[in-house]
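S.K.: I'd like to go over a predicted model; first the sequence, then the structure.
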Amino acid sequence: MKLSRFLSSFRFAAQGIGTSIKREQNMKVHAVSAVIVLVAAIWTGLDRTEWMLVIVLIGGMLALELVNSALERTVDLVTRERHPLAKQAKDMAAGAVLVFAVTSAIIGLLIFLPKWF
Ligand SMILES: Nc1ncnc2c1ncn2[C@@H]1O[C@H](COP(=O)(O)OP(=O)(O)OP(=O)(O)O)[C@@H](O)[C@H]1O
């Protein structure tokens with residue numbers, strides 16, 4: 001693969017992240033939450049394993065939200081009509097985000113609560 005092509009793929013990926021943050025309310029919420037969790041982690045003081053967990057969960061959450069946004073756009077591109085399969089596709093992707101968010105919140109509480117109380 002040519003270097004310029006390789007670098008372009010990073011630029012396009014950065015554009016995708018930028019568009020998502022600009023246009024998706026949920027992505028803004030996730031990005032702000034990520035900053036708050038990182039500040040709390042620095043303030044609390046985590047060990048190496050806890051940091052790895054926090055970073056994996058934040059990265060996974062943001063990546064999943066990006067995939068959800070991409071899927072929503074793909075569905076809208078395929079049809080602007082109301083269709084049960086379009087609803088199922090969007091709702092399942094949203095469900096995936098919810099599952100990961102709840103999982104992350106539970107692990108976050110398991111990491112932070114014993115250090116605070
Ligand atoms: N093309 C579609 N056909 C059937 N249901 C849909 C379709 N698009 C979205 N939905 C469903 O409508 C509900 C609301 O979705 P959402 O909040 O994304 O708004 P939307 O209908 O896509 O409008 P907008 O695109 O303006 O945000 C969700 O359950 C979603 O799955």
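M.R.: Thanks, I have the structure now.

S.K.: need the residues of the protein near the ligand, please.
M.R.: Within reach of the ligand by CB under 6 Å from any ligand atom, the chain has these residues: Thr79, Arg82, His83, Ala86, Lys87, Lys90, Asp91. In this view, the C-beta of every residue, glycine as well, is placed from N, C-alpha and C.

S.K.: of those, buried ones?
M.R.: Ala86, Lys90 (16 or more other CB atoms under 10 Å).

S.K.: So which of the residues of the chain next to the ligand sit within helices?
M.R.: Ala86, Lys87, Lys90, Asp91 (DSSP state H).

S.K.: What is the nearest of those residues to Glu72?
M.R.: Lys90 (5.8 Å; CB to CB).

S.K.: Mean confidence (pLDDT) on stretch 110-117, please.
M.R.: Stretch 110-117 carries an average pLDDT of 97.

S.K.: How about stretch 56-66?
M.R.: pLDDT averaged over stretch 56-66 gives 98.

S.K.: again with stretch 19-28
M.R.: 96.

S.K.: do stretch 80-96 as well
M.R.: Averaging pLDDT along stretch 80-96 yields 97.

S.K.: List every C-alpha atom in it, with coordinates, as PDB.
M.R.: This file holds the C-alpha atoms of stretch 80-96, laid out as PDB (Å, rounded to 0.1, in the frame of the first residue of the first chain):
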ATOM      1  CA  ARG A  80     -36.300   6.800   3.700                       C
ATOM      2  CA  GLU A  81     -39.600   4.800   3.800                       C
ATOM      3  CA  ARG A  82     -40.800   3.300   7.100                       C
ATOM      4  CA  HIS A  83     -39.900  -0.400   7.000                       C
ATOM      5  CA  PRO A  84     -39.900  -3.000   9.800                       C
ATOM      6  CA  LEU A  85     -36.400  -4.200   8.900                       C
ATOM      7  CA  ALA A  86     -35.000  -0.700   8.900                       C
ATOM      8  CA  LYS A  87     -36.500  -0.300  12.400                       C
ATOM      9  CA  GLN A  88     -35.100  -3.600  13.600                       C
ATOM     10  CA  ALA A  89     -31.600  -2.800  12.200                       C
ATOM     11  CA  LYS A  90     -31.500   0.700  13.900                       C
ATOM     12  CA  ASP A  91     -33.000  -0.600  17.200                       C
ATOM     13  CA  MET A  92     -30.600  -3.600  17.300                       C
ATOM     14  CA  ALA A  93     -27.600  -1.300  16.800                       C
ATOM     15  CA  ALA A  94     -28.900   1.100  19.400                       C
ATOM     16  CA  GLY A  95     -29.300  -2.000  21.700                       C
ATOM     17  CA  ALA A  96     -25.700  -2.900  21.200                       C
END
